[in-house]
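Chemist: Give the three-dimensional model of this entry:
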Amino acid sequence: MPSMKRFALVLALAVTFFAGLTVDHVAAAAARRAQPYRALDVFARALESIENVYVEPVQEQDLVYGAIDGMVARLDPHSAFYRPEAYRQVREETAGVFDGVGLELSVEAGLLTVVSPMADSPAEKAGIRPGDRVVSIDQVSTRDMPLADATRRLRGPAGSAVVVEVMREGFESPQRLSLLRDRVHAQSVEWRVLDADRGYLYLRVKSFQERTDSSAMRALDEGRAAVHGEIRGMVLDLRNNPGGLVDPAVRLADLFLPAGIIVVTEGRDKRDVEVRRAHEKGTEPGYPLIVLVNRGTASASEIVAGALQDNGRAVILGSQTFGKGSVQTIIEMDDGSGLKLTTARYYTPHHRSIQEQGITPDVLAAETAPPTRPETQPAERDLKNHLRNDSPEVVPTAGSAAGEGDYPLRMAIDYLKAVDIFKASIESGRGKGTTSRRD
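Modeler: Alright, predicted model coming up:
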């Protein structure tokens with residue numbers, strides 16, 4: 001029978017392997033290899049029994065795929081096995097175009113958790129937020145569901161519907177949402193001018209795909225032209241950036257760093273240590289840089305934030321990041337499937353591991369502005385018979401409304417303005433030849 005032939009082949013390969021060893025190493029090698037081969041014996045026997053005795057006929061490939069799913073599920077939330085169709089979708093997503101709802105997910109304590117919805121995706125338009133729990137997909141519970149299986153269920157032709165139930169802190173019961181899948185064009189970079197007169201630019205990186213760093217370079221060149229040729233302050237927005245490919249993230253950090261370590265990756269038992277460093281060529285000028293982060297800032301985007309923070313190149317503003325300090329490698333199989341394995345941990349330049357901890361911002365900022373309280377202390381204008389102001393009304397400068405409704409962004413702009421004020425104060429003091437004195 002085919003299963004017995006397969007078992008015989010496994011055994012023959014094992015015998016051939018041992019026969020090729022030198023006599024001195026045979027005993028030691030046999031002792032080391034005995035346990036894995038016994039496990040293969042059990043697997044082959046179980047596969048044979050299911051194929052021959054189970055009450056319904058089953059496909060051998062489904063059994064093998066299911067076994068791999070089970071193995072990978074015991075590792076960590078970010079390792080996954082993708083069957084050929086799902087793996088094709090993963091490759092499409094890396095390239096920036098795919099059909100689905102646009103959710104970056106992880107598994108936390110057996111619960112399917114939203115890392116971040118992708119910008120302009122059906123998930124974002126439906127109001128799904130980082131930290132939400134997806135408790136069911138098309139009425140199938142996601143409890144202990146492998147990540148690859150959840151991804152496969154959420155993907156599908158554009159225009160088709162998928163029903164998810166979402167639980168959030170503050171909800172009494174899960175909220176049922178019907179999402180229409182769409183072609184998600186993951187444009188990973190967008191930019192705009194915050195204040196043309198002051199030379200402030202806003203750059204948002206939504207995820208890290210194959211061409212994200214080159215898109216960022218093009219955006220910086222276009223932005224530079226829009227602010228009269230010189231950027232004098234920038235906000236880099238990494239909020240709700242779920243990560244993606246590590247190499248484009250390293251190259252983005254390199255744009256802002258003339259030298260120094262960007263990230264260190266270490267494999268099992270500190271093997272395969274790789275240090276990625278910045279290069280002076282092509283580095284942006286040293287204008288003030290503020291990086292916005294939040295709970296949805298994860299993985300590759302945390303590499304960028306950690307590198308800029310440890311090298312003293314930027315002020316990190318916002319809330320604690322997600323805390324994914326591991327690197328995944330996808331191994332393509334002969335049948336077109338893919339095995340995504342966590343192969344290393346990454347560390348910031350100061351050798352901080354952010355696994356579970358995340359990046360702590362230099363300046364904490366809530367997602368929304370604190371509620372304003374009515375002013376009880378009277379001002380001059382409240383006094384009876386007060387003198388009227390005889391100066392013309394002050395007209396707000398261009399760009400003063402930038403960040404309206406976005407509290408962290410408004411804070412970032414205020415910090416950039418404060419830097420300008422300090423610079424002007426220092427330059428003014430130097431020009432007048434003033435000295436400081438302590439009485």
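
Chemist: Which parts of the stretch 251-400 of the chain are strands?
Modeler: Here the stretch 251-400 of the chain has its strands, by DSSP state E, counting those that start in this stretch, at 261-266, 274-277, 289-293, 315-318, 326-332, 338-347, 363-364.

Chemist: Could you list the paired strands of the fifth one along with their orientation?
Modeler: Spelled out, it's strand 326-332. strand 338-347 (antiparallel) (DSSP bridges).

Chemist: From the rest of the structure, what touches the strand it pairs with?
Modeler: Strand 338-347 is contacted by residues 68, 72, 75-76, 78-82, 86-87, 90, 148, 246, 263-267, 272, 274, 303, 325-333, 353, 355 when judged by C-beta atoms under 8 Å, 6 or more residues apart in numbering. The C-beta positions use only the backbone N, C-alpha and C, and glycine is treated the same way.

Chemist: Go again with 6 Å.
Modeler: 76, 78-82, 87, 263-267, 325-332, 353 (C-beta atoms under 6 Å, 6 or more residues apart in numbering).

Chemist: With stretch 366-385 instead?
Modeler: With contact meaning C-beta under 6 Å, 6+ apart, stretch 366-385 is reached by 386, 407.

Chemist: Now do stretch 123-136, average pLDDT.
Modeler: Stretch 123-136 shows an average pLDDT of 93 in the prediction.

Chemist: So residue 250 belongs to a strand, correct?
Modeler: No: per DSSP: H, G, I helix; E, B strand; the rest coil, residue 250 lies outside any strand segment and is helix.

Chemist: How many residues are close by it?
Modeler: 20 (other C-beta atoms under 10 Å).

Chemist: Residue 302 too?
Modeler: Residues near residue 302, counting by other C-beta under 10 Å: 27.

Chemist: So it versus residue 216, what's the distance?
Modeler: The spacing between residue 302 and residue 216, counted by C-beta to C-beta, to the nearest Å, is 17 Å.

Chemist: check which helix or strand covers the closest residue to residue 252 other than its chain neighbours.
Modeler: Using C-beta to C-beta, 6 or more residues apart in numbering and skipping the chain neighbours, the partner closest in space to residue 252 is residue 213 (4.9 Å). Following DSSP states H and E, one finds residue 213 within helix 212-226.

Chemist: quick one: contacts for residue 152?
Modeler: Contacts of residue 152 (C-beta under 6 Å, 6+ apart): residue 86.

Chemist: gap between residue 300 and residue 262?
Modeler: Taking C-beta to C-beta as the measure, residue 300 falls 11 Å from residue 262.

Chemist: just residue 128 next, same as before
Modeler: Computed as C-beta to C-beta, the residue 128 to residue 262 distance reads 32 Å.

Chemist: quick one: the helices in the stretch 151-300 of the chain?
Modeler: For the stretch 151-300 of the chain, the helices defined by DSSP state H, counting those that start in this stretch occupy 212-226, 246-256, 300-310.

Chemist: Need the residues that contact the last one.
Modeler: For helix 300-310, the surrounding residues in contact (C-beta under 6 Å, 6+ apart) are 208, 238, 241, 243-244, 246, 249, 252-253, 262-263, 291, 293, 314, 316, 321, 348-350, 354, 359.

Chemist: Out of the strands of the stretch 251-400 of the chain, which is the most enclosed?
Modeler: Here the criterion is mean neighbour count by mean count of other C-beta atoms under 10 Å, and of the strands of the stretch 251-400 of the chain the winner is strand 289-293, at a mean of 26.

Chemist: Return the list of helices and strands in contact with that strand.
Modeler: Other elements packing on strand 289-293 under the criterion 3 or more C-beta pairs under 6 Å, 6 or more residues apart in numbering; DSSP states H and E are strand 233-237, helix 300-310, strand 315-318, helix 407-431.

Chemist: Show me the domain layout of this structure.
Modeler: 2-58, 80-185, 189-364 (automatic domain parsing).

Chemist: List the buried residues of stretch 188-204.
Modeler: Using 16 or more other C-beta atoms under 10 Å as the test for burial, stretch 188-204 gives 188-189, 191, 193-195, 198-204.

Chemist: just stretch 113-127 next, same as before
Modeler: So, applying 16+ other C-beta under 10 Å, buried residues of stretch 113-127: 113-124, 126.

Chemist: Distance to residue 56 and secondary structure added to these, as a markdown table?
Modeler: Below are the buried residues of stretch 113-127 laid out as a markdown table (distance: C-beta to C-beta, whole Å; DSSP: H, G, I helix; E, B strand; the rest coil):
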| residue | distance to residue 56 | secondary structure |
| --- | --- | --- |
| 113 | 35 | strand |
| 114 | 36 | strand |
| 115 | 38 | strand |
| 116 | 41 | strand |
| 117 | 40 | strand |
| 118 | 40 | coil |
| 119 | 45 | coil |
| 120 | 45 | coil |
| 121 | 39 | coil |
| 122 | 37 | helix |
| 123 | 37 | helix |
| 124 | 42 | helix |
| 126 | 39 | coil |
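
Chemist: taking the residues you listed as a set, which two sit the farthest apart in space?
Modeler: 113 and 120 (21.5 Å; C-beta to C-beta).

Chemist: what packs against the host helix or strand of residue 98?
Modeler: Remark: residue 98 resides in strand 97-100, with elements defined by DSSP H and E. Contacts defined by 3+ C-beta pairs under 6 Å, 6+ apart place strand 97-100 against strand 182-185.

Chemist: Please state the offset of the strand it packs on from the chain centre?
Modeler: Between the centre of strand 182-185 and the centre of its host chain there is 19 Å, according to C-alpha atoms, centre = their mean, to the nearest Å.

Chemist: mind showing which ranges of the stretch 151-300 of the chain have poor pLDDT?
Modeler: 186 (pLDDT under 70).

Chemist: go again using 90 as the cut-off
Modeler: The model of the stretch 151-300 of the chain has pLDDT under 90 over residues 151-152, 155-156, 183-188, 190, 206-207, 209-211, 240, 242, 244-245, 268-272.

Chemist: just to revisit the earlier point, please work out which of the domains of the chain is packed deepest.
Modeler: domain 189-364 (a mean of 19).

Chemist: And it, end to end?
Modeler: Domain 189-364 has an end-to-end distance of 25 Å (C-alpha to C-alpha, to the nearest Å).

Chemist: Ok, stretch 349-369 next?
Modeler: End-to-end span of stretch 349-369 (C-alpha to C-alpha): 33 Å.

Chemist: pLDDT (mean, whole number) over it?
Modeler: Across stretch 349-369, pLDDT averages out at 93.
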